[in-house]
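Novice: predicted model, plus sequence, below.
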Amino acid sequence: MYNGNTIKLLAGNSHLDLANAVAERLNIPLLPCDVNSFSNGEINVKLTQSVRDEDVFVLQSGSADVNDNLMELLVLISACRTASARRITAVIPCYPYARQDKKDKSRAPITAKLVANMLAVAGCDHLITIDLHASQIQGFFEVPVDNLYSEPLMIRYIKTSIPDWRDGIIVSPDAGGAKRASSIADKLGVDFALIRRKRDGRSEDAPERMEILVGNVQDRVAVLVDDMMDTGHTVAMAAKTLKENGAREIYVLISHCLFSEDYIPTLESLPISRLVVTNTLPQKANLARAGAKMDELDVSGMIAESVRRTHNGESFSILFGEGAGDL
């Protein structure tokens, strides 16, 4: 592992547990920095060590206080730029505003592009992220973007923690996630199913329901895979639909789990065996409340290896293969 003489890793306040885990895997300390706010809410950053001509990595995720965390990230990058860092890489496990990636209705903003512009203006030279909501976000940047995948971690979990997975079926809750779910199904050599949401009427106030368009889940172990869960409404509807269609067991695997603690009581009532999430966002409080019904996949090894390879100018190919699940 790299000895840490010329690499600098620093973090904002969004996910210090993950930042410390990455630093531990790299065998380097986090760069000391003070990130706090003035009484009026303005972000104030002070780097307490020199970063002149250093290779700097700033880790910050788009967690609950997304606007404050984004502003912290921009100020940290700008501080490193004005302190003459040689290269600044933003490590954003969960990219903020990723769901606003296109103009899907009249006068809608493309806020994911706005975030890309702000990162560039602040001084970002490179971006490392995980499971972008839409792959076209990579094209919003003029600098290199490495979009890592949690898929290898999910495949390892399925193989090691789900009994009878060979008789399972991988399910996407909507058409947007079909490519992700079918890729996992192909690598496991199992079937694929697709659910769609529809309204019982043309009005937007009409009640919603889900139906299985592709695949048969009868008496099968259903593994529902999605990249993002916020309110949990889609997952709840999908899980109930799978149960109504005869699924024997239901597992839910989510890349970015945004839900608040208020969702935990709802989770207990769902017909699922496990909700499995990555730690791209802080999950400590949710894990403590959900207990045995929730598991966490650790992305710190993948992030640490991507930082090491970026610094040393090595290929990222291994991070996109099944071997990444063992990092």
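Specialist: Perfect, thanks for sending it.

Novice: I'd like to know how many residues surround Ile28.
Specialist: 19 (other Cβ atoms under 10 Å). All C-beta spots, glycine's among them, are computed from the backbone N, C-alpha and C.

Novice: tell me the pLDDT of Gly123.
Specialist: With respect to pLDDT, Gly123 has a value of 96.

Novice: likewise for the one 4 residues further on?
Specialist: As predicted, Leu127 sits at a pLDDT of 97.

Novice: residue ranges with poor pLDDT in the stretch 51-200 of the chain?
Specialist: 199-200 (pLDDT under 70).

Novice: same question for the stretch 201-327 of the chain.
Specialist: Ranges of the stretch 201-327 of the chain meeting pLDDT under 70: 201-207, 260-265, 322-325, 327.

Novice: mind listing what's buried along the longest helix anywhere in the chain?
Specialist: Ranked by residue count under DSSP state H, the longest helix found in the chain is helix 66-82. Neighbour-count burial for helix 66-82, counted by 16 or more other Cβ atoms under 10 Å, picks out 68-81.

Novice: how is this protein divided into domains?
Specialist: 7-149+300-326, 151-297 (automatic domain parsing).

Novice: name the helix or strand for Leu153, please.
Specialist: helix 151-161 (DSSP states H and E).

Novice: downstream of that helix, the next helix or strand is which one?
Specialist: Past helix 151-161, the next helix or strand by DSSP H and E is strand 168-172.

Novice: that following strand: what's the following helix or strand?
Specialist: By DSSP H and E, the next helix or strand past strand 168-172 is helix 178-188.

Novice: list of residues touching that following helix?
Specialist: 151, 154-155, 158-159, 165, 168-172, 191-192, 194, 223, 225-227, 322 (Cβ atoms under 8 Å, 6 or more residues apart in numbering).

Novice: which of these are buried? Put it as a PyMOL command.
Specialist: Filtering those down to the buried ones (16+ other Cβ under 10 Å) takes a single PyMOL command:
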select buried, resi 151+154+155+158+165+168+169+170+171+172+191+192+194+223+225+226+227
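
Novice: contacts only, for Arg107.
Specialist: No residues are in contact with Arg107 under the rule Cβ under 8 Å, 6+ apart.

Novice: for Glu211, grab phi and psi.
Specialist: Note on Glu211: its backbone torsions stand at phi -140, psi 150 [degrees, to the nearest 10].

Novice: can you get me a residue count around it?
Specialist: Using other Cβ under 10 Å: Glu211 sits among 10 other residues.
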